[in-house]
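Colleague: Build me a model:
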Amino acid sequence: MLTILGIILFFIKTVFNSRKKKQPPVIFSQGGEWLEVFEDEQLGWRITAKSRVSSFLIFIHLISSLHSRHSKWCLIYKDQVTKRDFRRLCRAVIYQHQTSDKGNL
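Modeller: Here you go, the predicted model:
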């Protein structure tokens, strides 16, 4: 019961926080590189296998390219991006799952 309540609270907090913040433009590759472009700097991230996909949203877990201890979560709703970009993000997450599974064999 507590786990379900925790998930619901995490989801609500994430929804309100993601709606408030203006996200920077992002450039990403199918291989999982994620680059946030600000006016005065660029931040490099890498999509991890902890990321998850559903039909309506994507939970993307990112680790910093420079500091592997820094990580963050991004919540992408299907209606936030174009259909093409949503599919590309889904493929990138699935690719990370496939490549991380190969490393564990």
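
Colleague: Spatially central residue for this structure, please.
Modeller: Residue closest to the average C-alpha location in the chain (C-alpha atoms, centre = their mean): residue 60, at 1.9 Å.

Colleague: residue ranges of the helices in this structure, please?
Modeller: All helices of the chain, identified by DSSP state H, fall at 2-20, 83-103.

Colleague: Tell me where the protein is predicted with low confidence.
Modeller: For the chain, the stretches with pLDDT under 70 are 1-24, 30, 101-105.

Colleague: does residue 49 really touch residue 100, like I thought?
Modeller: Yes. Counting by C-beta atoms under 8 Å, residue 49 touches residue 100, with 3.7 Å between them. No exception for glycine: its C-beta is placed from N, CA and C like everyone else's.

Colleague: Those two - which one has more neighbours?
Modeller: The residue with more neighbours, out of residue 49 and residue 100, is residue 49; 18 against 13, by other C-beta atoms under 10 Å.

Colleague: Report the contact partners of that one.
Modeller: 96-97, 99-101 (C-beta atoms under 8 Å, 6 or more residues apart in numbering).

Colleague: from these, which single one is nearest residue 33?
Modeller: residue 96 (10.9 Å; C-beta to C-beta).

Colleague: Please report how far the closest one lies from residue 65.
Modeller: 15 Å (C-beta to C-beta, to the nearest Å).

Colleague: Next: residue 32.
Modeller: 11 Å.

Colleague: Residue 90 too?
Modeller: Note on residue 90: its distance to residue 65, by C-beta to C-beta, is 22 Å.

Colleague: Give me the more crowded residue out of these two.
Modeller: Counted by other C-beta under 10 Å, residue 90 and residue 65 do not tie: residue 90 has more neighbours, with 17 against 14.

Colleague: excluding its backbone neighbours, what's nearest the more buried one?
Modeller: Spatially, and ignoring its direct neighbours in sequence, residue 90 is nearest to residue 53 (4.9 Å; C-beta to C-beta, 6 or more residues apart in numbering).

Colleague: beta partners of the closest residue to residue 89 other than its chain neighbours?
Modeller: Of all residues not flanking residue 89 in the chain, residue 58 sits nearest, at 5.4 Å (C-beta to C-beta, 6+ apart). Partner residues in beta bridges with residue 58, using DSSP bridges, are residue 53, residue 76.
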